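**Student:** can you look at this prediction? I've put the sequence above it.
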Amino acid sequence: PKHVCGIKVFMGASTGNMLVNNAHSLERIFREAPTIVAVHCEDENTIVRNMNNIRTKLADDIGLADIPVRYHPFVRNDEACYRSSAKAVELAARCGTRLHVLHLSSAKEMSLFSGEPVSQKKITAEVCVHHLWFDEDAYVRYGPFIKCNPAIKSDSDRMALRYALKNNKLDIVATDHAPHTYEEKFERQYDYLQCPSGLPSIQHSLVAMLELVHREVLPAELVVEKMCHAPAELFRIQRRGYIRVGYFADLVLVNPDSKWTVEHDNILYKCNWTPFYGTTFQHKVEKTFVNGQLGYDNGILYPIRGKALEFDR
């Protein structure tokens, strides 16, 4: 427990074969885990039923044999998410588990969580940057490049997530960084089941959140709280998450008035694409310090290495 941040459990199938849906196995994990149990929640039976219903309807109505990517939020809908999240919360309450529910994506799920400070909760919740930023209209422009699990959903879901973040039902803002290659996404965009889910988001996560500050959607202090302080408290990370004497100097220097546009020549991901392509941000990260060492200075510096985190357990 001192060296492992938590145990991740896929309670819904995503990319790969890590689904855990055996009731006995889940109960053992929830009862015996010596760390936080972090869960990806989507109900597999609901997803399969939705997929079959949509495939039948498309075949009957317009003769399509496969499901276009724009139907992703209807395949992995709010009901699939809620059923699984509710099951995880119920199981954690019964077993006394320290539970963290990952990348929530729907308004419906917000009823499962409370608004106390993160230090007072035994069940906590997370939202990803892309679920706060995009809604289902973006499928028209980005198609397979915003296909992720759980799916990006409606504008009303996006607004509910923003509201829940401000009211402490959502405890941290994270990324679900999955940098599939451009070729994997583009070449498989017409094969719904084979097109991989996931997107790269680490490089643009902070500037996207600060853009929401610029647009007066969120206060700046909340971004710092949800991306720095609360994650360190939630996972009980030693000497990180705050600017304090004796803590590791993990710092970022941001210019709040340096407008720039995401283009191919300033993308740092090795997969060389981002759903934020063409987006103009007001804030720009100019320097990043890792453990007190300058690791980014308007470009990545080498060799800067991180250190293994330790946890106060």
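**Tutor:** Great, that's in hand.
**Student:** what's the span of stretch 95-112, first residue to last?
**Tutor:** Using Cα to Cα, to the nearest Å, the gap from the first to the last residue of stretch 95-112 comes to 17 Å.
**Student:** what's the mean pLDDT across it?
**Tutor:** For stretch 95-112, mean pLDDT rounds to 97.
**Student:** now do stretch 32-48
**Tutor:** Averaged across stretch 32-48, the pLDDT comes to 95.
**Student:** list the buried residues of it.
**Tutor:** By neighbour count with 16 or more other Cβ atoms under 10 Å, stretch 32-48 contains the buried residues 33, 35-44, 46-47. Any C-beta I mention is one placed from the backbone N, CA and C, and that applies to glycine too.
**Student:** of all those, which comes closest to residue 242?
**Tutor:** Distance to residue 242 across those (Cβ to Cβ) is lowest for residue 36, with 19.7 Å.
**Student:** ok so, going back, from the buried residues of stretch 32-48, which ones fall inside helices?
**Tutor:** Counting by DSSP state H, the buried residues of stretch 32-48 place 44, 46-47 in helices.
**Student:** residue ranges of the strands in the protein, please?
**Tutor:** 6-10, 36-40, 99-101, 123-128, 172-174, 251-255, 260-261, 280-281, 284-290, 293-297 (DSSP state E).
**Student:** format the ones in helices among the buried residues of stretch 32-48 as JSON lines; extra columns: distance to residue 236.
**Tutor:** Output for these, formatted as JSON lines (distance: Cβ to Cβ, whole Å):
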{"residue": "44", "distance to residue 236": "31"}
{"residue": "46", "distance to residue 236": "34"}
{"residue": "47", "distance to residue 236": "33"}
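**Student:** and of the strands of the chain, who's closest to residue 225?
**Tutor:** Of all the strands of the chain, strand 172-174 sits nearest to residue 225, with 9.0 Å by Cβ to Cβ.
**Student:** just checking, what packs against that closest one?
**Tutor:** Packing contacts for strand 172-174, counted by 3 or more Cβ pairs under 8 Å, 6 or more residues apart in numbering; DSSP states H and E, involve strand 123-128, helix 129-133, helix 230-234.
**Student:** now what about that strand, what contacts it?
**Tutor:** By Cβ atoms under 8 Å, 6 or more residues apart in numbering, the residues outside strand 172-174 that reach it are 102-103, 118, 124, 126-129, 132, 165, 205, 209, 223, 226-227, 230-231, 234.
**Student:** partner strands of that strand, with direction?
**Tutor:** The strands that strand 172-174 pairs with in its sheet are strand 123-128 (parallel) (by DSSP bridges).
**Student:** hang on, the earlier thing: and the strands of the chain as a markdown table, adding distance to residue 238?
**Tutor:** Converted to a markdown table, the strands of the chain look like this (distance: least, Cβ to Cβ, whole Å):
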| stretch | distance to residue 238 |
| --- | --- |
| strand 6-10 | 15 |
| strand 36-40 | 15 |
| strand 99-101 | 18 |
| strand 123-128 | 19 |
| strand 172-174 | 17 |
| strand 251-255 | 17 |
| strand 260-261 | 35 |
| strand 280-281 | 32 |
| strand 284-290 | 16 |
| strand 293-297 | 19 |
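**Student:** report the central residue of the chain.
**Tutor:** residue 128 (3.1 Å; Cα atoms, centre = their mean).
**Student:** what's across from it in the sheet?
**Tutor:** The partner residues for residue 128, given DSSP bridges, come to residue 174.
**Student:** residue 10 versus residue 84, what's the distance?
**Tutor:** 10 Å (Cβ to Cβ, to the nearest Å).
**Student:** give me the more crowded residue out of the two.
**Tutor:** residue 84 (26 against 21; other Cβ atoms under 10 Å).
**Student:** hang on, isn't that one packed against residue 41?
**Tutor:** Yes. In this structure, residue 84 is within contact of residue 41 by Cβ atoms under 8 Å, at 3.7 Å.
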